[in-house]
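Student: Requesting a structural model of the entry that follows:
(one chain, ligands or ions: 1)
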Amino acid sequence: MNIEKLIQSLEAKHPGEKEYLQAVREVLSTIEDEYNKHPEFEKAKIAERLVEPDRIFTFKVPWVDDRGEVQVNLGYRIQFNNAIGPYKGGMRFHPSVNLSILKFLGFEQIFKNALTTLPMGGAKGGSDFNPRGKSDAEVMRFCQAFMVELWRHLGPDTDVPAGDIGVGAREVGYMYGMYKKLARENTGVFTGKNLEFGGSLIRPEATGFGGLYFVKQMLETAGHDIKGKTVAISGFGNVAWGAAMKANELGAKVVTISGPDGYIYDENGVSGEKVDYMLELRASCNDVVRPYAEKYGVPFFEGRRPWEVKVDIALPCATQNELNGEDAQHLLDNGVLCVGEISNMGCTPEAIDLFIKHRVMYGPGKAVNAGGVATSGLEMTQNAMHLSWTAEEVDAKLHQIMSAIHAQCVKYGREADGYINYMKGANVAGFLKVAKAMLAQGVL
Ligand code: GLU
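Tutor: Numbers count the residues shown, from 1 in each chain. From the prediction side, this is the model:
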């Protein structure tokens, strides 16, 4: 495989899609050696076929706001690859959403879902609609208008969306409601549903919980205990909340959370009622963490990122490319031990290169945050069986899955000096599973 040639042709075909090209480059460059051991992959043009989505739906979403004005947003669903199972992946509602961001997320999702050991293909969707500051009725009307177009492309064995940034249980509920009405079916076609109509226990916490299970194993493998370690978390949404809760439970101390306005530093730890307060902050719809500083009398650093704080563990939990080379250098100077991306592609390539060069443990999002979609897979299983498992059962399965992902990363990522390159391990393990499935199913 000639990576540069392939990337160049993608650049020419998809100019300006920088996040998508970034994600493709990362995966292809780490699987190159393994790929070249398999002439059958080259012959079947697996790489060329894998980097293009099976199909993309783009549609307009017209809706009426509370003042009676007509609004028009863009809606998307990218069905990337279904070699190992139905298309599966979240919906992101955020003003920054565009094709490049959804294509990178969909591409990542293929390998992440493969790593979970569950039968799920890769997809992503969303809209440039911003739920912040909108009334409940506006969010409902938008979600309904969105589904009037999208419903015909979904199905429990075809394509199963879920949440992501800007899409939580409320949005999933409204979208699922409209799907059900139009399809005249009550099936598990969305995950992240409320418990009353097919949701799974532990799903809201799963991404953060899974992330901490993974990080704990990374540390243990290198002979460290997570107990007593300090942790910097970015974000204050659902993922950051689950991560903070589990970090506390495992005996670590979370000293930061952040928002678009800056970060707070709480030297006593974001724990107990302060973790619950994150939910209140998020529900306030103002997208700021400053009120935490005022409420608990801790310092707030306006317009800054939490990576300048001295910590043992850094956990990006907000969005893509939120930790750059400069941030990585700060963390290294402060002796960071482990970086676990709980957001998707949270670190820039420069940051990742620095961590790997300095042999700092670095876990990529597609492994570390796979607990979210894995628990979505468990929700699909429960829906298909028409029953629900207890929180303990779901948590035990999540734990098992995260251990299996960790083991795959170690198997394919251990380098000659003993360092575990989790990025390489995750990419190779995820890729091999999908590539073998594609090969077995012929040219499609
Ligand atoms: N948006 C989440 C992710 O990035 C969850 C997707 C899902 O549950 O389908 O993996």
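
Student: close to the ligand, is stretch 149-156?
Tutor: No. In terms of C-beta under 6 Å from any ligand atom, no part of stretch 149-156 sits within range of the ligand; the closest distance is 12.4 Å. C-beta here means a position set from N, CA and C on the backbone, and glycine is covered the same way.

Student: Export that stretch to PDB, keeping only CA atoms.
Tutor: This file holds the C-alpha atoms of stretch 149-156, laid out as PDB (Å, rounded to 0.1, in the frame of the first residue of the first chain):
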ATOM      1  CA  GLU A 149     -36.200  12.500   6.500                       C
ATOM      2  CA  LEU A 150     -33.900  10.000   8.200                       C
ATOM      3  CA  TRP A 151     -36.200   7.300   9.400                       C
ATOM      4  CA  ARG A 152     -36.400   5.400   6.100                       C
ATOM      5  CA  HIS A 153     -32.600   4.700   6.200                       C
ATOM      6  CA  LEU A 154     -32.600   3.200   9.700                       C
ATOM      7  CA  GLY A 155     -33.600  -0.200  11.200                       C
ATOM      8  CA  PRO A 156     -32.600  -2.500  14.100                       C
END
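
Student: any idea of the mean pLDDT in it?
Tutor: Throughout stretch 149-156, pLDDT has a mean value of 98.

Student: chain center to that stretch, what's the gap?
Tutor: Here the centre of stretch 149-156 is set off from its chain's centre by 22 Å, with C-alpha atoms, centre = their mean, to the nearest Å.

Student: What residues sit buried inside it?
Tutor: Glu149, Leu150, Trp151, His153, Leu154, Gly155, Pro156 (16 or more other C-beta atoms under 10 Å).

Student: now do stretch 387-407
Tutor: Buried, per 16+ other C-beta under 10 Å, within stretch 387-407: Trp389, Val394, Asp395, Lys397, Leu398, Ile401, Met402, Ala404, Ile405, His406.

Student: Likewise for stretch 319-327?
Tutor: Here stretch 319-327 shows Thr319, Gln320, Asn321, Glu322, Leu323, Asn324, Asp327 as buried, counting by 16+ other C-beta under 10 Å.

Student: Any chance of CSV for the buried residues of stretch 387-407, columns distance to Gln382?
Tutor: Formatted as CSV, the buried residues of stretch 387-407 follow (distance: C-beta to C-beta, whole Å):
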residue, distance to Gln382
Trp389, 6
Val394, 8
Asp395, 14
Lys397, 11
Leu398, 13
Ile401, 15
Met402, 19
Ala404, 19
Ile405, 21
His406, 24
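
Student: Have a look at this structure and report its longest helix.
Tutor: If you go by DSSP state H, the chain has its longest helix at helix 391-413.

Student: and that one, average pLDDT?
Tutor: 98.

Student: touching the ligand at all, it?
Tutor: No. Helix 391-413 stays clear of the ligand (C-beta under 6 Å from any ligand atom), getting no nearer than 12.4 Å.

Student: With stretch 160-174 instead?
Tutor: Yes. Against the ligand, stretch 160-174 shows contacts by C-beta under 6 Å from any ligand atom at Ala162, Asp164.

Student: what distance separates the start and the end of that stretch?
Tutor: 15 Å (C-alpha to C-alpha, to the nearest Å).

Student: what's the offset of that stretch from the middle of its chain?
Tutor: On the basis of C-alpha atoms, centre = their mean, stretch 160-174 sits 13 Å off its chain's mean C-alpha point.

Student: Identify each buried residue in that stretch, please.
Tutor: 160-174.

Student: Narrow those residues to those in strands?
Tutor: Val160, Pro161, Ala162 (DSSP state E).

Student: which residues does the last one contact?
Tutor: Read it as Ala162. Lys88, Gly89, Gly90, Met91, Val172, Phe190, Thr191, Gly192, Gly372, Val373, Ser376 (C-beta atoms under 8 Å, 6 or more residues apart in numbering).

Student: And the residue nearest to the last one when sequence neighbours are not counted, how far from the ligand?
Tutor: Sequence neighbours aside, Thr191 is the residue nearest to Ser376 in space, at 3.7 Å (criterion: C-beta to C-beta, 6 or more residues apart in numbering). The gap separating Thr191 from the ligand is 5 Å, by C-beta to the nearest ligand atom, to the nearest Å.

Student: Now, the contacts of Ala162 that are in strands?
Tutor: Of the positions in those, Lys88, Gly89, Gly90, Met91 sit in strands, assigned by DSSP E.

Student: overlap between the residues you listed and the residues near the ligand?
Tutor: Filtering the ones in strands among the contacts of Ala162 for neighbours of the ligand using C-beta under 6 Å from any ligand atom leaves Lys88, Gly89, Gly90.

Student: which residues does the first one bridge with?
Tutor: When assigned by DSSP bridges, Lys88 has beta-bridge partners Val160.

Student: and this protein, which residues reach the ligand?
Tutor: Residues of the chain lying near the ligand by C-beta under 6 Å from any ligand atom: Lys88, Gly89, Gly90, Ala162, Asp164, Thr191, Asn344, Gly372, Val373, Ser376.

Student: Go again with 5 Å.
Tutor: Residues of the chain lying close to the ligand (C-beta under 5 Å from any ligand atom) are Gly89, Gly90, Ala162, Asp164, Gly372, Val373, Ser376.

Student: Let me know the closest of those to Gly106.
Tutor: For the residues of the chain next to the ligand, the closest approach to Gly106 (C-beta to C-beta) belongs to Gly89, at 6.1 Å.

Student: Quickly note the distance from that closest one to Gly125.
Tutor: Spatial separation of Gly89 from Gly125 under the definition C-beta to C-beta, to the nearest Å is 7 Å.

Student: Could you tell me which residues touch both of the two?
Tutor: Common contacts of Gly89 and Gly125 (C-beta under 8 Å, 6+ apart): Pro161.

Student: What's the first helix or strand after the helix or strand bottoming out on mean pLDDT in the chain?
Tutor: Between all helices and strands in the chain, the lowest mean by mean pLDDT, DSSP states H and E belongs to helix 273-283, at a mean of 92. Using DSSP states H and E, the next helix or strand after helix 273-283 towards the C-terminus is helix 290-296.

Student: Can you tell me the closest non-neighbouring residue to Asn186?
Tutor: Asn186 sits nearest to Lys180 (C-beta to C-beta, 6+ apart), 5.7 Å away.

Student: which residues does the residue nearest to Ser376 contact?
Tutor: Per C-beta under 8 Å, 6+ apart, neighbours of Thr191: Val160, Pro161, Ala162, Val172, Gly199, Ser200, Arg203, Ser376, Gly377, Glu379, Met380.

Student: Good, wrapping up.
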